[in-house]
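A.B. asks: Let me see the structure of the following:
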Amino acid sequence: MANAAMTRAFAYRPMERLLLPGASVFGIISVLLHAYWLTGLGIAVAALLSFWLLTKSRLSAALVTGYVSAAAAWYLISTVDASAPPAGFWLQVVAAWLLAWACVEQLAAIDTLSTLYKRVLGIAIPVLFGVWLLILWELLTRGLDVPQVLLPSPSLIAERFASSTATLWADFKQTFLKAVLIGYVIGCTAGFVVAILIDRSPFLQKGLLPIGNLVSALPIVGVAPIMVMWFGFDWPSKAAVVIIMTFFPMLVNTVAGLAAAQPMQHDLLKTYAASYWQSLFKLRIPEALPFIFNALKINSTLAMIGAIVAEFFGTPTVGMGFRISTEVGRMNVDMVWAEIAVAALAGSLFYGAIALTERVFTFWHPSIRS
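C.D. replies: This next block holds a predicted model:
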């Protein structure tokens, strides 16, 4: 009976056959090397306990591995220093990482019909993965005594983030709230409108699409200085760069989406004597919504990149790109990483907001229903 339960537990997650035994082995070896013996013993016991619990409940095994790996990480971070930690320390780092990996594997393997549980797991798994990347980053930079000018630890970046919130907020307003959002709205709207015109006129389709392709191929490092000369050093020149970068993806995706409706659907509207505009708003634009939102999501990242790079070529003494270029010259790499963290967080939230909006407007699409 026990063998049958074990077979069912590992039926479709063979990686767990290696993770938990591997974690216990690394924990036992670290105990034998007399390095943090209590932590190593706890890791080994937790791995063996989780291996047994896995035959009964994946959730229980995930809770044990997650709790012990978090406790081990906290202890290792609190005890690490730059004086060459012993081999047993690194063995326990590997063992705790294997436990965290096993925890994510078990959470991902949980099969539930509850929508709430699915959403919780969908958030918990990437959060755990991201947190453990930061933990490994912290342990490696502090344990190997990596110079701060090469790669500061997350704790140093967090300290700089907390002490520079006013500067970071001013840079965020200048770059994101002005250049990115304004350029994004104008660029995406212009791309959508031009796509409608191209769909309406075969002449424009043959003339504008090649020109749009040419514009999209222009290098940003060549366009940004020209925009600064045309529109000045403030945010309008950065918004102009964002408009250029976001225009073509919206144009191409919208044109492709407007052609996505099936011939049978067109025939049905013709039998109802629908005009061009009725067909456009009742059939073709709804069918094109997945393509349009795909362009919006792509442009959400392109807009941030374009605005930051454009600020390298001329800007007032504020902005993410200005701060990054200035602080790199001063060797304040922790401030550079703090700006990168703000940009990454803003871009991720922006992308997530668009993705949630897409689910509202395209609830009928098979990818959303599934």
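A.B. asks: switch to C-alpha atoms for all contacts and neighbour counts from now on
C.D. replies: Noted.
A.B. asks: Just the buried positions in the helix or strand encompassing Gly66, please.
C.D. replies: When secondary structure is defined by DSSP states H and E, Gly66 falls within helix 58-79. Within helix 58-79, the residues that count as buried by 16 or more other C-alpha atoms under 10 Å are 58-62, 64-70, 72-73, 76-77.
A.B. asks: for stretch 226-234, same thing?
C.D. replies: By 16+ other C-alpha under 10 Å, the buried positions in stretch 226-234 come out as Met227, Val228, Gly232, Phe233, Asp234.
A.B. asks: cool, stretch 248-265 as well?
C.D. replies: Neighbour count says stretch 248-265 has Phe248, Pro249, Met250, Leu251, Val252, Asn253, Thr254, Val255, Ala256, Gly257, Leu258, Ala261 buried, by 16+ other C-alpha under 10 Å.
A.B. asks: Please apply the same query to stretch 351-368.
C.D. replies: For stretch 351-368, using 16+ other C-alpha under 10 Å, the buried residues are Tyr351, Ile354, Glu358, Arg359, Thr362.
A.B. asks: I'd assumed Ser300 was in contact with the first one.
C.D. replies: Yes - using C-alpha atoms under 8 Å, Tyr351 is in contact with Ser300, at 6.0 Å.
A.B. asks: Can you tell me the element Asn297 falls in?
C.D. replies: No, residue 297 isn't Asn; it's Lys. With DSSP H and E as criterion, Lys297 is part of helix 285-310.
A.B. asks: Let me see the contact set for Ile110.
C.D. replies: Arg58, Leu59 (C-alpha atoms under 8 Å, 6 or more residues apart in numbering).
A.B. asks: Distance of it relative to Arg58?
C.D. replies: 7 Å (C-alpha to C-alpha, to the nearest Å).
A.B. asks: any idea which helix or strand comes after the helix holding Lys297?
C.D. replies: Downstream of helix 285-310, the next assigned helix or strand under DSSP H and E is helix 320-329.
A.B. asks: chain center to stretch 184-196: distance?
C.D. replies: Centroid separation between stretch 184-196 and its chain, computed with C-alpha atoms, centre = their mean, to the nearest Å, is 25 Å.
A.B. asks: same question, stretch 230-243
C.D. replies: Taking mean C-alpha positions (C-alpha atoms, centre = their mean), stretch 230-243 and its chain are 27 Å apart.
A.B. asks: what's the answer for stretch 180-198, then?
C.D. replies: On C-alpha atoms, centre = their mean, the centre of stretch 180-198 falls 24 Å from that of its chain.
A.B. asks: and if you look at stretch 214-227?
C.D. replies: From the chain centre to the centre of stretch 214-227 is a distance of 26 Å (C-alpha atoms, centre = their mean).
A.B. asks: Then stretch 258-271?
C.D. replies: Centre-to-centre, stretch 258-271 and its host chain are 37 Å apart (C-alpha atoms, centre = their mean).
A.B. asks: Also stretch 152-165?
C.D. replies: For stretch 152-165, the distance to the chain centre is 20 Å (C-alpha atoms, centre = their mean).
A.B. asks: What are the buried residues along that stretch?
C.D. replies: Of the residues in stretch 152-165, Pro152, Ser153, Pro154, Leu156, Ile157, Ala158, Arg160, Phe161 count as buried by neighbour count, 16+ other C-alpha under 10 Å.
A.B. asks: Out of these, which is nearest to Gln106?
C.D. replies: Within those, proximity to Gln106 (C-alpha to C-alpha) peaks at Pro154, which comes in at 27.4 Å.
A.B. asks: so who does the closest one touch?
C.D. replies: Pro154 touches Leu134, Trp137, Glu138, counting by C-alpha under 8 Å, 6+ apart.
A.B. asks: please redo it, this time with the cut-off set to 7 Å
C.D. replies: Neighbouring residues of Pro154 by C-alpha atoms under 7 Å, 6 or more residues apart in numbering: Leu134, Glu138.
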